[in-house]
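> Need coordinates for the below:
(one chain, ligands or ions: 2)
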Amino acid sequence: MVKSKRLVFARQFDGMPKESDFQLVEEETPALKDGEILVESLFNSVDPYMRPYTRVLPTGITMIGEGCGRVIESKSSDFPVGTVVMHQYGWCTHAVLDTKKPDPERPIRKAPADYPKDLPLSLLLGAVGMTGMTAYFGFLKLCEPKEGETVFVNGAAGAVGSLVGQIAKIKGCRAVGSAGSDAKVAWLKELGFDAAFNYKTVSSLDAALKEAAPYGIDCYFDNVGADFTSTVLNHMNLYGRVSICGSISTYNDNEMAKGPYPFVTILSKQLTVAGFKVPRWFKEWPKGMEQMAQWIKEGKIKYKEHVTEGFENMPKAFIGMLVGENTGKAVVKL
Ligand SMILES: NC(=O)C1=CN([C@@H]2O[C@H](COP(=O)(O)OP(=O)(O)OC[C@H]3O[C@@H](n4cnc5c(N)ncnc54)[C@H](OP(=O)(O)O)[C@@H]3O)[C@@H](O)[C@H]2O)C=CC1
Ligand SMILES: CCCCCC(=O)/C=C/[C@@H]1[C@@H](C/C=C\CCCC(=O)O)[C@@H](O)C[C@H]1O
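Numbers count the residues shown, from 1 in each chain. Ligands and ions are numbered 1, 2, ... in the order given. You can find the predicted model right below:
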């Protein structure tokens with residue numbers, strides 16, 4: 001038995017989450033049954049989806065989220081001690097997982113056997129994990145970028161957005177991004193974005209897009225949603241493709257945003273607009289993970305991690321990510 005900690009989703013969020021919405025619980029892990037493994041978490045992820053997904057969840061549960069950890073006790077020959085796994089075990093320091101009852105929605109994923117020794121394991125939650133797969137498949141499958149096309153991504157200095165822009169460059173596109181600070185914009189230029197702007201300080205989004213994408217936008221990877229997206233659609237070229245990845249500008253709203261209705265724009269420009277959830281391509285993730293790791297090793301993809309130290313600081317890290325404190329992937333190191 002091991003002393004463990006978890007953070008409970010104690011109060012429904014009202015607008016921006018608060019630290020007092022979580023409660024820390026300490027307890028001992030139970031003895032393992034046949035087929036079970038005890039995982040010690042090394043890194044826990046904080047992600048935007050946690051804010052809207054909790055709307056329909058009951059309070060009192062362990063806060064939802066993915067972690068990357070090491071098996072420290074095992075009653076499963078498939079997962080010997082030392083195996084590194086990723087799983088939606090929630091905000092906890094230790095998790096008992098049943099390997100005999102696989103849940104296709106929440107699989108226990110093993111770190112690839114050939115995962116490069118010189119890459120941090122935290123990347124299995126970031127550029128070589130769920131976030132990286134979101135950028136890789138959500139962009140390539142739905143935007144189908146062609147050489148010479150203009151790609152626009154918002155939330156561009158975040159975990160997903162920063163990868164989308166760099167993949168766009170690898171594919172020979174012109175990459176344009178927006179982010180919420182001048183320091184983030186400077187980093188995007190370092191990454192090779194052809195144009196980038198601070199959406200918080202431009203005189204108008206319309207004017208900024210006109211300047212940054214003078215020949216229009218062919219591919220739009222949308223992390224932000226709502227009014228931002230309606231404005232971007234006006235800058236799309238004929239037959240443009242739009243990948244609807246997220247809608248972070250609406251996650252703290254207590255009600256779903258209504259309108260405006262951009263359907264005539266979509267029709268007249270003959271746009272293809274598609275939403276996705278990245279587990280849709282689960283079967284292809286190993287290939288995507290291998291490609292992302294290879295691009296990182298070759299220096300074609302650069303990444304940043306915003307690492308918060310200490311399990312107890314997870315609420316701070318989560319709120320910080322929602323207000324834009326992170327550049328690159330926000331993770332918590334336990
Ligand atoms: N469909 C899917 O399967 C998946 C979707 N996603 C979505 O991808 C998006 C990006 O996620 P991820 O890269 O992990 O997160 P990020 O690393 O981008 O972190 C969130 C960022 O959002 C920006 N932000 C916050 N509020 C606003 C706002 N009102 N308007 C514009 N930007 C805002 C902040 O950056 P700034 O300083 O620039 O404002 C903040 O740093 C999210 O919408 C998420 O839900 C993620 C994973 C899977
Ligand atoms: C309106 C909300 C849009 C959110 C888009 C987004 O960020 C989606 C992310 C999912 C994410 C969900 C993870 C876990 C949900 C289950 C939680 C639980 O009950 O334990 C991940 O699965 C990949 C994205 O599709």
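
> quick one: the residue in the stretch 101-250 of the chain positioned nearest to ligand 2 and residue 279, what's the gap?
Of all residues in the stretch 101-250 of the chain, the one sitting closest to ligand 2 is residue 246 (4.7 Å; C-beta to the nearest ligand atom). Any C-beta I mention is one placed from the backbone N, CA and C, and that applies to glycine too. Computed as C-beta to C-beta, to the nearest Å, the residue 246 to residue 279 distance reads 15 Å.

> cool, residue 172 as well?
Here residue 172 is placed at a distance of 29 Å from residue 279 (C-beta to C-beta).

> ok, back up a step: same drill for residue 246 and residue 279, tell me which one is more crowded.
Using other C-beta atoms under 10 Å, the more surrounded residue of residue 246 and residue 279 is residue 246, with 24 against 15.

> Could you pull up the contacting residues of that one?
Applying C-beta atoms under 8 Å, 6 or more residues apart in numbering to residue 246 gives the contacts 48, 49, 155, 160, 222, 223, 224, 225.

> where does the nearest residue to residue 280 once chain neighbours are set aside land in three-state SS?
Spatially, and ignoring its direct neighbours in sequence, residue 280 is nearest to residue 137 (7.8 Å; C-beta to C-beta, 6 or more residues apart in numbering). Using DSSP: H, G, I helix; E, B strand; the rest coil as the criterion, the local structure at residue 137 reads helix.

> and if you look at residue 70?
On the three-state scheme (three-state DSSP), residue 70 is labelled strand.

> was I right about it contacting residue 84?
Yes: here residue 70 lies in contact with residue 84, judged by C-beta atoms under 8 Å, at a distance of 5.5 Å.

> Find residues that contact each of the two.
Here residue 70 and residue 84 share the contacting residues residue 42, scored by C-beta under 8 Å, 6+ apart.

> mean confidence score for stretch 191-208?
Along stretch 191-208, the predicted local confidence has a mean pLDDT of 98.

> can you give me the end-to-end distance of it?
For stretch 191-208, the first and last residues are 20 Å from each other (C-alpha to C-alpha, to the nearest Å).

> for ligand 1, what are the nearby residues on the stretch 201-334 of the chain?
On the criterion C-beta under 6 Å from any ligand atom, ligand 1 has as its neighbours in the stretch 201-334 of the chain the residues 223-224, 245-249, 276-278, 321-322, 324, 326, 330.

> Closest one of these to ligand 1?
Proximity of these to ligand 1, judged by C-beta to the nearest ligand atom, is greatest for residue 246, which lies at 1.8 Å.

> Retrieve the pLDDT associated with the closest residue to residue 237 other than its chain neighbours.
Setting aside the residues directly before and after it, residue 237 is nearest to residue 216 in space (C-beta to C-beta, 6+ apart), at 4.0 Å. On the pLDDT scale, residue 216 is placed at 98.

> Next, count neighbours for residue 216.
For residue 216, the number of neighbouring residues by other C-beta under 10 Å comes to 17.
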